[in-house]
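K.L.:
pasting the sequence and the predicted coordinates here, then a few questions.
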Amino acid sequence: MKYEILGKTGLRVSELALGALTFGEDWGWGAPKETSARLLDLYAEAGGNFIDTANFYVDGGSERMLGELLKGRRERFILATKYTVESDPTDVNSAGNHKKSLVASLEASLRRLQTDHIDLFWVHAHDVLTPVSEIMRILDDQVRAGKIGHVGVSNWPAWEVAQANTLAELRGWSPFVGLEIRYNVLTRDAERELLPMARAFDIPVFAWGALAEGRLTGKYLTGGAGRLSVIEAEEHTKAGSDDVVREVVRIAEEGGWTPAQVSLAWLRSRPGVVIPILGATKEHQLVDNLGAVDVTLSAEQLARLEATSDFTLGYPHDMVRQEVTLSKVYGSRWREIADHRTTVGRGVNDGLVPPPAV
C-alpha cells in the first residue's frame, strides 16, 4: 500500500480506504463482529490506515463496533465519520447541517467510537436550509476545540464546495480537505464539475460506490443477486451499462485480474487523487479488492472502458473543447501551448480528457 497526502494537510492516507458501512448486521445484511474484525485486520496488514463510517450506519452500530475493534490501536488509523442524517425522528433538529445537529452528532459519535477526536469529519449531504457560512464556522470551532482534526464534504455540488473553501480561506477557517462522492466507471457524472473543482482546490476524492454495489464484479451478468441501492437500481436500467460491465470482464480476463480489480484500477488511474472506498462483507472480497494496487491498465484498455461507457461532459465543456472554439479563444497555435494546469503538450484542456484530435 502506498500513501497520498490529504490535500494541503500533510496527513498521510492510504491509497485505498476501508468503508465500515458493512460493519454490523442490524439492517439485515452486512458482516458480524468477528468477520468485521478480520476485515479490519486484513486491511491493516496490507498497510491501510483510513477507515470511513458515519453516525447513522447500522443505526450507530458501525461506530460502536469500530470503537471496540480499535481499542489499543486507535492512533494507527485515520478515523473518519459523518453527520447530517437524522438521528431521532421525534426531534426536528436531529437532521441537517446546522450547529445543533453538528454538535449533538459529533458528541454521540465520539462516545460510540470511544475516542476524544475525529481525524476527518464529513458533512454527509447537501442541506439548502443551512447557510454555508454557518457550516464552515461551526466546523472550524470544533477543529479549534480539538474534537476534529480536519473537515471534508460529501454529496455536495461543486460550486458550493468552491464557495465554502473560498469563504474558509478568506476568514481563516478550516477548509474542506476531502471530497467523498459516488464515482465509478458506470457513474461518471462527477467528471463534469466535481473532479475538476477538486483538482483546482487540491482536494483528494474518496469514491464511494466504487464497484456499484457489486455490479462491476460482473455477477449480475450471470443472474447474481445482491442488495441494490436506489441509485444502483437506476443504473441497472441505464442503456449500455451491461456493455460497460462486459468490457470490464473482458479486460480482467486479458490481464489475469478480477473485474473488481479492473474497476478499482480504473478509478485509481483518474487525474488527481482518487481513493476508492472498499466495502466488503467477506474476507475473500476484501483480499480481492486489495489486489487492485498491483493492477495497472494500459492506455488502450482505459480508452476501451471510456469509449464503452459513452459518457459526454455536456455543455459548456463539449463546446469549449471544439476545434473552432479552441482556435478562437486561445489562438490558432493553441496546440503549441503547454501549461502545467492542463494536459501538457496537448494545449488547453478544461476537463479530464484531451481535446479532440483534428
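P.N.:
Here it is on my side, so go on. Numbers count the residues shown, from 1 in each chain.
K.L.:
wait, W159 touches P196, no?
P.N.:
No. Shown here, W159 and P196 do not form a contact pair, counting by CB atoms under 8 Å, at 11.7 Å. For the C-beta atoms, the positions are set from N, CA and C on the backbone; glycine is no exception.
K.L.:
the more surrounded of those two?
P.N.:
Neighbour count, other CB atoms under 10 Å: between W159 and P196, P196 has more, with 20 against 10.
K.L.:
how much space between E253 and V293?
P.N.:
The span separating E253 from V293 equals 20 Å under the rule CB to CB, to the nearest Å.
K.L.:
the two: which has the busier surroundings?
P.N.:
The neighbour comparison of E253 against V293 (other CB under 10 Å) goes to V293, with 19 against 12.
K.L.:
can you pull the contacts of the nearest residue in space to V249 that is not next to it in sequence?
P.N.:
Sequence neighbours aside, G218 is the residue nearest to V249 in space, at 4.6 Å (criterion: CB to CB, 6 or more residues apart in numbering). Contacts here follow CB atoms under 8 Å, 6 or more residues apart in numbering; on that basis G218 touches 245-246, 248-249, 252, 259.
K.L.:
any low-confidence regions in the stretch 201-350 of the chain?
P.N.:
Applying pLDDT under 70 to the predicted model, the residue ranges of the stretch 201-350 of the chain that meet it are 223-239, 339-350.
K.L.:
please enumerate the helices of it.
P.N.:
Read by DSSP state H, counting those that start in this stretch, the stretch 201-350 of the chain holds these helices, from start to end of the chain: 230-236, 241-255, 259-268, 283-290, 299-309, 317-320, 323-330.
K.L.:
got TSV for those helices, with distance to W208 too?
P.N.:
Output for the helices of the stretch 201-350 of the chain, formatted as TSV (distance: least, CB to CB, whole Å):
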stretch	distance to W208
helix 230-236	10
helix 241-255	18
helix 259-268	11
helix 283-290	14
helix 299-309	18
helix 317-320	24
helix 323-330	35
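K.L.:
ranking those helices by burial, who's on top?
P.N.:
Ranked by mean neighbour count, those are led by helix 259-268 with a mean of 25 (mean count of other CB atoms under 10 Å).
K.L.:
send over it as CSV, restricted to the C-alpha atoms.
P.N.:
Extracted in CSV, the C-alpha atoms of helix 259-268 (Å, rounded to 0.1, in the frame of the first residue of the first chain):
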residue,chain,number,x,y,z
PRO,A,259,-13.4,-7.4,-12.7
ALA,A,260,-13.4,-5.7,-9.3
GLN,A,261,-9.6,-5.1,-9.5
VAL,A,262,-10.0,-3.7,-13.0
SER,A,263,-12.8,-1.3,-11.9
LEU,A,264,-10.8,-0.1,-8.9
ALA,A,265,-7.7,0.3,-11.1
TRP,A,266,-9.7,2.4,-13.4
LEU,A,267,-10.6,4.7,-10.6
ARG,A,268,-7.0,4.9,-9.4
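K.L.:
and that helix, how far out from the chain's middle?
P.N.:
Averaged C-alpha coordinates place helix 259-268 at 14 Å from its chain's average position (CA atoms, centre = their mean, to the nearest Å).
K.L.:
what angle do it and helix 283-290 make?
P.N.:
Per axes from the mean of the first three to the mean of the last three CA atoms, to 10 degrees, the angle that helix 259-268 makes with helix 283-290 is 40 degrees.
K.L.:
relative to helix 299-309, how tilted is helix 259-268?
P.N.:
Orientation of helix 259-268 against helix 299-309 (the same axes, to 10 degrees) gives an angle of 100 degrees.
K.L.:
for helix 259-268, which outside residues touch it?
P.N.:
15-16, 183-185, 207, 210-211, 216-218, 245, 248-249, 251-252, 255, 257, 274, 276, 278, 285, 288-289, 291-293, 295-297, 302, 305.
K.L.:
what is the burial count for the closest residue to A210 other than its chain neighbours?
P.N.:
With CB to CB, 6+ apart as the measure, P276 is the residue that lies nearest to A210, at 4.0 Å, once sequence neighbours are left out. Applying other CB under 10 Å, we find 26 residues neighbouring P276.
K.L.:
now do D189
P.N.:
By the criterion of other CB under 10 Å, D189 has 14 neighbours.
K.L.:
same deal with T312?
P.N.:
Residues within reach of T312, counting by other CB under 10 Å, total 11.
K.L.:
now V273
P.N.:
21.
K.L.:
with K33 instead?
P.N.:
Around K33 there are 15 residues (other CB under 10 Å).
K.L.:
OK, contacts around it?
P.N.:
With CB under 8 Å, 6+ apart as the criterion, the residues that contact K33 are 24, 65, 68-69.
K.L.:
which among the residues you listed count as buried?
P.N.:
For those, a burial check counting by 16 or more other CB atoms under 10 Å picks out 24, 65, 69.
K.L.:
just give the nearest non-adjacent residue to G240, would you?
P.N.:
Spatial nearest neighbour of G240, chain neighbours left out: D310 (5.6 Å); criterion: CB to CB, 6+ apart.
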